[in-house]
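*Asks:* Sharing a sequence plus its predicted fold:
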Amino acid sequence: MTPADAKMAAMLAAIWQRNQPQVLERLALMDEAAKALVEGHLTASLQEEAIATAHKLAGTLGMFGYPQGTELARQLEQHLESESPNPRQIQHLTTTLRSTLFP
């Protein structure tokens with residue numbers, strides 16, 4: 001690794017550390033939406049917020065070296081956008097995304 005690569009890696013690691021609270025908040029929202037869906041009371045506003053949150057996660061996780069996280073977030077976004085999202089699939093994707101980012 002060149003010194004420039006090491007510096008870039010260190011900068012990304014520092015940015016990731018600063019952004020972890022926001023990522024955790026976004027994951028909490030995804031958990032809330034998944035739970036509401038499983039329990040049968042997902043509101044349209046929570047669903048829209050979860051779609052937007054999944055989209056934001058998909059857009060940023062790859063930058064921090066989590067391509068699998070990006071893919072999981074994209075899948076979440078797509079499933080949430082469907083006319084009848086599968087509650088167990090949303091719950092599974094949310095859990096998998098959390099464990100991918102915070103093993």
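*Replies:* Sure, I can see it. Numbers count the residues shown, from 1 in each chain.

*Asks:* got any ranges where this structure has weak pLDDT?
*Replies:* Nowhere does the chain drop to pLDDT under 70.

*Asks:* mind listing the helices in it by residue range?
*Replies:* 3-39, 44-61, 67-81, 87-101 (DSSP state H).

*Asks:* which residues are in contact with the last one?
*Replies:* For helix 87-101, contacts defined as CB atoms under 8 Å, 6 or more residues apart in numbering pick out 23, 27, 30-31, 33-35, 37-38, 57, 61, 66, 68-69, 72-73, 75-76, 79-80. No exception for glycine: its C-beta is placed from N, CA and C like everyone else's.

*Asks:* Give me the buried entries from those residues.
*Replies:* Buried members of these, scored by 16 or more other CB atoms under 10 Å, are 23, 27, 30-31, 33-34, 37, 57, 61, 66, 69, 72-73, 75-76, 79-80.

*Asks:* Need the nearest residue in space to residue 57, chain neighbours excluded.
*Replies:* Excluding the flanking residues, the one nearest residue 57 by CB to CB, 6 or more residues apart in numbering is residue 73, at 3.9 Å.

*Asks:* Surely residue 37 touches residue 82?
*Replies:* No: contact criterion CB atoms under 8 Å: residue 37 and residue 82 do not qualify, at 11.4 Å.

*Asks:* what touches both of those two?
*Replies:* With CB under 8 Å, 6+ apart, residue 37 and residue 82 have no common neighbours.

*Asks:* still on that earlier bit, quickly note the distance from the residue nearest to residue 57 to residue 38.
*Replies:* When distance is defined by CB to CB, to the nearest Å, residue 73 is 19 Å away from residue 38.
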